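Asker: quick check, what structure comes out for this input:
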Amino acid sequence: MFVLRTLKTFSLIVSKPICLQTTSRTLSSLPNIVNKSLLQTHKFVQLQTTRNYAKGKDKKKEKVKGKVVINENQLTELLNVESMKKQMEKPLVQLKEDFINHLSLRSTTGSIEMITVSLEGKEHTLQEIAQIVRKNPKTIVINMSMFPQAIPAALKALDKSGMNLNPQQDGTTLYIPIPKVTKEHREGLAKSAKQFFVKCKDGIRDVQTKYIKQIKRNDTVSQDLCRSAESQIIAIADGYISQGEKIFESKQQELIGKE
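Answerer: This next block holds a predicted model:
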């Protein structure tokens, strides 16, 4: 009878959720007939586990750049805007000239005439120091008799023109076989086009940096006005670079896109 009542009491204890401290005191008053393993089992049953979920990583918020409003009247008070624009435009003009003079799929007398040759410390176009004619559809002839001393420099300039030229010298005359347009030739011209564009971009950024430094050196300009002017100068430079990029992409399409 006593054993049965004890077991019923124990079953009630197990069935009710109570804290470990109360359970230990209650069970310690039971007769020794209750096996210690039951006590250990009960303690295990009452333990509660908590699962902590790791927080997900915060998604990076994309920064949306607002359009910079260019206030030329404000900039004019700080710098010569027209002079800055002219300086930024120069690399763009040079890019166009480089593409015309050095990146022609077919070698023409016009493109060869504009090749720059260094003579006696000065830069000259090839047409200024030589007579250039097209002998036949496959050959261009360059007569260097007026400035024979410029032949080595002319050969060097032709070799570095990026037109895949292979001039042959006969006295003071240079014969240039017009190369066949190959895939490798196209890819070489496209690579040169990218180099010209990078040069143009760097030139524009140099002007940008020059004028930003000029404003920062002006102690009379407030920080807010300085930051505003800097953003506007960068925006103007970006506009010229965007023009150069469009010219570059068009040239790339011309060089590689055609079959």
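Asker: now the end-to-end length of stretch 144-156.
Answerer: Stretch 144-156 has an end-to-end distance of 14 Å (C-alpha to C-alpha, to the nearest Å).
Asker: mind listing what's buried along it?
Answerer: 144, 147, 150, 151, 153, 154, 155 (16 or more other C-beta atoms under 10 Å). C-beta here means a position set from N, CA and C on the backbone, and glycine is covered the same way.
Asker: can you list contacts of the helix or strand that contains the last one?
Answerer: Here residue 155 sits within helix 151-159, counting by DSSP states H and E. When contacts are defined by C-beta atoms under 8 Å, 6 or more residues apart in numbering, helix 151-159 is touched by residues 112, 115-119, 126, 129-130, 142, 144, 165, 167, 169, 172, 174, 176.
Asker: what is the burial count for residue 88?
Answerer: 23 (other C-beta atoms under 10 Å).
Asker: quick one: residues in contact with stretch 240-257.
Answerer: 88-89, 91-92, 95-96, 99, 103, 105, 186-187, 189-190, 193-194, 196-197, 200-201, 204-205.
Asker: re earlier: redo the buried residues of stretch 144-156 as CSV? Include distance to residue 226 and pLDDT.
Answerer: Output for these, formatted as CSV (distance: C-beta to C-beta, whole Å; pLDDT from 0 to 100):
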residue, distance to residue 226, pLDDT
144, 56, 95
147, 53, 93
150, 51, 94
151, 55, 95
153, 48, 94
154, 51, 95
155, 52, 94
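Asker: need the max-distance pair from those.
Answerer: 147 and 155 (12.9 Å; C-beta to C-beta).
Asker: picking that back up, now do the very next helix or strand once past the helix holding residue 155, average pLDDT.
Answerer: Next helix or strand after helix 151-159 toward the C-terminus (DSSP H and E): strand 168-170. Taken as a whole, strand 168-170 has an average pLDDT of 94.
Asker: adjacent strands (with direction) for the helix or strand following strand 168-170?
Answerer: Next helix or strand after strand 168-170 toward the C-terminus (DSSP H and E): strand 173-177. Note on strand 173-177: by DSSP bridges, its sheet partners are strand 139-143 (antiparallel), strand 168-170 (antiparallel).
Asker: chain center to the longest one: distance?
Answerer: The offset between the C-alpha centroid of strand 139-143 and the centroid of the whole chain comes to 42 Å, using C-alpha atoms, centre = their mean, to the nearest Å.
Asker: again, but for the last one
Answerer: Counting by C-alpha atoms, centre = their mean, strand 168-170 is centred 44 Å from the centre of its parent chain.
Asker: again with stretch 246-256
Answerer: 18 Å.
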